[in-house]
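> Give the three-dimensional model of this entry:
(one chain, ligands or ions: 1)
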Amino acid sequence: MKHIKDNYNGSVQLRCVVCGATDKFDSNEDNSYIKCTNCGKEYFGGYDELVEYNQQEINEAVEAKVEEIKNDLDKELQNMFRNAFKGNKYIKVK
Ligand SMILES: [Zn+2]
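Numbers count the residues shown, from 1 in each chain. The predicted model follows:
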């Protein structure tokens, strides 16, 4: 029980709302109950509750990721267009 979903690339670590610890969680098998072993805070809502507390941070991480993907896509598109127009006689180069 360390990272959010794989598709976030593990860039967000859930944080204990009380003490801020990120790696002191004890959880049952299906993450429906989580306890912070650092401060003793119990999350009876389990994983979902913890995610809720961390939502802001998660959103920011997701936005950063989207930005990153956008930049990569931009570069990719530019390359595609460059290649597509290469040698095209209808494009005039001044
Ligand atoms: Zn804690």
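> CA atoms for contacts and neighbours, from now on please.
Noted.
> For this protein, spot the helix or strand the model is least confident about on average.
Ranked by mean pLDDT, DSSP states H and E, the weakest helix or strand in the chain is helix 55-85, scoring a mean of 90.
> Stretch 39-54 close to the ion?
Yes. Legend: contact between stretch 39-54 and the ion by CA under 5 Å from the ion is shown at residue 39.
> Give me the buried stretch members for the least confident helix or strand of the chain, please.
57-58, 61-62, 65 (16 or more other CA atoms under 10 Å).
> other SSEs contacting that helix?
Helix 55-85 is packed against no helix or strand, with contacts defined by 3 or more CA pairs under 8 Å, 6 or more residues apart in numbering; DSSP states H and E.
> How far off centre is it?
14 Å (CA atoms, centre = their mean, to the nearest Å).
> Check stretch 81-90 too.
37 Å.
> start to end distance for stretch 33-51?
13 Å (CA to CA, to the nearest Å).
> just stretch 20-31 next, same as before
Stretch 20-31 end-to-end distance (CA to CA) = 19 Å.
> can you give me the mean pLDDT across that stretch?
What stretch 20-31 shows for mean pLDDT is 94.
> so is residue 49 in a helix, a strand, or just coil?
helix (DSSP: H, G, I helix; E, B strand; the rest coil).
> ok, it touching residue 34?
No. Taking CA atoms under 8 Å as the definition, residue 49 is not a contact partner of residue 34, at 9.1 Å.
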